[in-house]
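[1] sequence below, structure please.
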Amino acid sequence: MTAPDPGTVSETRSRSGRHAALVAAGIFLSRIFGLVRQRVLSKYLGLSEASDAFTSAFRIPNFLQNLLGEGVLSASFIPVYARLRAEGRDHEAEQVAGAVFGMLALVGSVVVLLGMLLADPLTRLIAPGFGAEKLALTIRLVRILFPGAGLFVLSAWCLGVLNSHRRFLLSYAAPVIWNLAIIVTVIVAAGRTDERGIVVAAAAGSVLGSALQFLVQLPTVFTLLRQFRPTLDTTSDHVRLVLRNFTPVFIGRGVVQISGWVDSILASLLGNGPVTALQNAQTIYMLPVSLFGMSISAAELPAMSSATGNDEQIAAALRQRLDAGLRRVAFFVVPSAAAFLLFGGVIAGALYQTGRFTASDTRFVWAILGGSAVGLLAATMGRLYSSGYYALRDTRTPLRYALLRVLLTTALGYLCAVPLPILLGVDPRWGTPGLTGSAGVAGWLEFLLLQRGLNRRIGPTGLPLPYLIRLWSCALLAGGAGMAVWLGVPRLPPIPMAFAVLMPFGLGYLTLSHLLGVPEARGLVGRLGRGR
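    As a prediction, this is how the structure comes out:
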């Protein structure tokens with residue numbers, strides 16, 4: 001096969017990098033406002049019964065959002081839609097988009113109605129450790145939140161269309177409006193009611209925000225789909241292909257969500273606070289996952305799905321994109337994992353330690369965040385490999401590996417969260433870090449299986465060991481600099497302390513990796529220099 005033209009390869013990587021940067025920018029905005037939302041909730045609720053009720057309640061309608069939302073559509077709809085557009089068959093692509101919208105709207109409406117009617121048994125299933133009053137509040141919140149989940153599903157359809165047209169910023173920045181709606185309603189309610197009233201207001205704000213998030217994307221979507229017409233037509237071969245791809249991803253997402261439910265159930269058995277502390281840690285954990293794993297995977301999926309040619313040419317294109325994407329992911333995620341382990345308390349304190357959220361709560365979240373760091377790199381790189389399978393129209397292989405991961409996570413999570421604290425003679429709530437640590441171990445198994453399976457199909461891909469050693473060496477040496485500041489300066493308030501510690505850590509990592517010749521560091525330094 002003829003070697004790719006170096007100029008074309010360079011242009012492709014540059015374009016892919018710009019797209020990933022747009023996704024990351026949108027995600028960064030939404031995650032920052034998400035952290036502000038969590039800080040506001042922490043200020044007025046702490047790790048209280050009301051906060052546990054709100055966190056648990058949101059998990060139930062969130063199940064619908066994840067089953068029918070972004071991840072499933074990215075795997076089933078985008079590859080088909082993007083390939084049709086790449087082949088110049090825009091009219092057929094619009095027909096697929098209209099059929100998918102119609103089916104999502106119908107199924108989502110039915111499930112929302114059922115969820116509101118079955119809120120009581122669903123809540124009892126996910127929060128068996130809650131007392132009567134706490135359970136009643138959670139049930140009420142579930143009924144309020146469910147309609148918002150249906151709107152989130154339609155927002156995910158908008159994201160699928162926008163991503164296929166390489167309009168990344170709007171779709172990933174749209175959740176800013178949702179977060180703002182919750183923040184405003186909580187602040188308004190805080191001066192007028194008690195904790196229960198605050199979480200009820202937050203649930204209502206969530207539904208309002210989900211409607212605004214959907215509506216803000218519609219004008220751009222309508223300009224892209226000029227002949228858009230919602231239908232329930234499944235006669236098209238392309239629509240049937242979407243449905244065939246949809247089913248295994250739907251099952252896979254369901255299994256993963258069940259794993260999240262299991263974590264919530266186990267956390268509800270460990271006393272007051274673990275459910276919310278777990279959510280607080282996951283909010284921080286999801287920042288690098290979203291910024292560096294999701295952004296690169298989301299930008300690469302339409303591009304990989306649009307690859308044309310014979311099997312060898314498509315495989316070569318996928319290898320090139322996977323290897324470049326893996327290097328970018330690792331460059332940012334390795335220092336993130338090191339920061340969670342070394343400075344998780346500093347990060348959690350800066351984000352949450354205010355009002356009713358105490359220094360003791362900060363240390364607890366740090367322990368949970370440290371467990372999350374175990375599988376951070378595997379989770380982010382695994383997203384990219386899953387996109388490679390989806391680009392090949394294979395949604396069943398990632399499903400099989402997700403099933404194995406969930407089974408292992410459940411078994412290890414129970415052992416580490418429930419019996420282990422008893423054996424060690426510690427407070428039961430300290431079993432919560434065992435949930436995140438065990439999930440990290442299972443995540444590595446899933447990643448290795450994904451990598452091995454895809455390499456058999458398209459040829460060898462992956463990160464060279466020397467590259468990983470350089471990244472970890474830079475991260476740990478820079479961590480030493482941050483640790484010296486943390487131990488050497490007088491005790492500062494949480495936010496100034498975070499700046500004092502994390503700035504030398506981040507600058508030290510960038511400087512060391514640049515000096516050691518890491519291409520991603522040199523590229524970043526070059527872009528920063530040009531921007532200045």
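
[2] my guess is residue 514 meets residue 522, correct?
    Yes: the pair residue 514 / residue 522 is scored as a contact, 5.8 Å apart, by C-beta atoms under 8 Å. All C-beta atoms are positioned from the backbone trio N, CA, C, and that covers glycine.

[3] which SS state does residue 227 fall under?
    coil (DSSP: H, G, I helix; E, B strand; the rest coil).

[4] how many neighbours does it have?
    10 (other C-beta atoms under 10 Å).

[5] what's the answer for residue 491, then?
    5.

[6] what's the answer for residue 106, then?
    12.

[7] kindly report the same for residue 87.
    12.

[8] looking at residue 514 and residue 522, which one has more neighbours?
    residue 514 (18 against 13).

[9] what helix or strand is the closest residue to that one other than its chain neighbours on?
    Leaving aside its chain neighbours, residue 514 sits nearest to residue 521 (4.3 Å; criterion: C-beta to C-beta, 6 or more residues apart in numbering). Per DSSP states H and E: residue 521 is located in helix 519-531.

[10] all helices for the stretch 51-200 of the chain, in order.
    70-86, 90-117, 119-126, 132-164, 168-173, 175-190, 195-224 (DSSP state H, counting those that start in this stretch).

[11] I meant to write the stretch 401-532 of the chain there.
    419-424, 432-458, 465-488, 494-515, 519-531.

[12] out of the ones you listed, the one nearest residue 188 is which?
    helix 494-515 (24.4 Å; C-beta to C-beta).

[13] and that closest one, what does it pack against?
    Using 3 or more C-beta pairs under 8 Å, 6 or more residues apart in numbering; DSSP states H and E, the elements in contact with helix 494-515 are helix 311-352, helix 465-488, helix 519-531.

[14] winner for burial among those helices?
    Stretch with highest mean neighbour count among these: helix 311-352 (a mean of 21; mean count of other C-beta atoms under 10 Å).

[15] break the protein down into its domains, please.
    6-463, 465-526 (automatic domain parsing).

[16] which one of the helices of the stretch 401-532 of the chain lies closest to residue 206?
    Per C-beta to C-beta, nearest to residue 206 of the helices of the stretch 401-532 of the chain: helix 432-458, 24.6 Å.

[17] how far out from the middle of the chain is the closest one?
    Computed by C-alpha atoms, centre = their mean, to the nearest Å, the chain-centroid distance of helix 432-458 equals 16 Å.

[18] and that helix with helix 311-352, angle?
    Angle of helix 432-458 versus helix 311-352, following axes from the mean of the first three to the mean of the last three C-alpha atoms, to 10 degrees, is 160 degrees.

[19] sorry, back to before: include distance to residue 220 and mean pLDDT when you put the helices and strands packed on helix 494-515 into TSV, please.
    TSV is the format used below for the helices and strands packed on helix 494-515 (distance: least, C-beta to C-beta, whole Å; pLDDT from 0 to 100):
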stretch	distance to residue 220	mean pLDDT
helix 311-352	26	90
helix 465-488	38	92
helix 519-531	27	74
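
[20] distance to residue 169 added to these, as a markdown table?
    Formatted as a markdown table, those follow (distance: least, C-beta to C-beta, whole Å):
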| stretch | distance to residue 169 |
| --- | --- |
| helix 311-352 | 18 |
| helix 465-488 | 28 |
| helix 519-531 | 18 |
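
[21] looking at those, which is nearest to residue 33?
    Once those are compared by C-beta to C-beta, helix 311-352 is nearest, at 12.5 Å.

[22] once you drop chain neighbours, what's closest to residue 44?
    Nearest to residue 44 is residue 190, by C-beta to C-beta, 6+ apart, at 4.9 Å.

[23] now do the contacts for residue 388.
    By C-beta atoms under 8 Å, 6 or more residues apart in numbering, residue 388 lies in contact with 304, 318, 322, 454, 458.

[24] got the contact list for residue 161?
    81, 97, 221, 224, 225.

[25] and the last one, how close does it get to residue 238?
    When distances are taken as C-beta to C-beta, to the nearest Å, residue 225 and residue 238 turn out to be 15 Å apart.

[26] how many neighbours does the residue nearest to residue 44 have?
    Neighbourhood size, residue 190 [other C-beta under 10 Å]: 18.

[27] if we can go back for a sec, so which of the helices and strands packed on helix 494-515 is nearest residue 29?
    Nearest to residue 29, of those and by C-beta to C-beta, is helix 311-352 at 16.1 Å.

[28] could you tell me the angle between the following helix or strand past the closest one and helix 494-515?
    Per DSSP H and E, the first helix or strand lying C-terminal to helix 311-352 is helix 359-373. Here helix 359-373 runs at an angle of 30 degrees relative to helix 494-515 (the same axes, to 10 degrees).

[29] average pLDDT for the following helix or strand past helix 359-373?
    As assigned by DSSP H and E, the chain's next helix or strand after helix 359-373 is helix 376-391. The average of the pLDDT scores along helix 376-391 is 88.

[30] repeat for stretch 61-69
    For stretch 61-69, the mean pLDDT works out to 66.

[31] and what of stretch 400-408?
    Here the average pLDDT along stretch 400-408 is 88.

[32] alpha carbons of that stretch, as PDB, please.
    Backbone C-alpha positions of stretch 400-408 (Å, rounded to 0.1, in the frame of the first residue of the first chain) are rendered in PDB as follows:
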ATOM      1  CA  ARG A 400     -18.800  -8.400  26.100                       C
ATOM      2  CA  TYR A 401     -15.900  -6.700  27.800                       C
ATOM      3  CA  ALA A 402     -18.100  -4.300  29.600                       C
ATOM      4  CA  LEU A 403     -20.000  -7.300  31.100                       C
ATOM      5  CA  LEU A 404     -16.800  -8.800  32.400                       C
ATOM      6  CA  ARG A 405     -15.800  -5.500  33.900                       C
ATOM      7  CA  VAL A 406     -19.100  -5.000  35.600                       C
ATOM      8  CA  LEU A 407     -19.100  -8.500  37.100                       C
ATOM      9  CA  LEU A 408     -15.600  -8.000  38.500                       C
END
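
[33] what comes up buried for it?
    401, 402, 405, 406, 408 (16 or more other C-beta atoms under 10 Å).

[34] would you agree the second one is in contact with residue 446?
    Going back to what we said before, that points to residue 402. Yes: with contact defined as C-beta under 8 Å, residue 402 counts as touching residue 446 (6.7 Å).

[35] model confidence at the spatially closest residue to residue 305 that is not a sequence neighbour, what's the number?
    Nearest residue to residue 305, sequence neighbours excluded (C-beta to C-beta, 6+ apart): residue 79, at 4.0 Å. You'll see residue 79 listed with a pLDDT of 78.

[36] residue 301 touches residue 79, doesn't it?
    Yes: if you go by C-beta under 8 Å, residue 301 and residue 79 touch, sitting 7.2 Å apart.

[37] identify the contacts common to the two.
    Joint contacts of residue 301 and residue 79 (C-beta under 8 Å, 6+ apart) are 390, 391.
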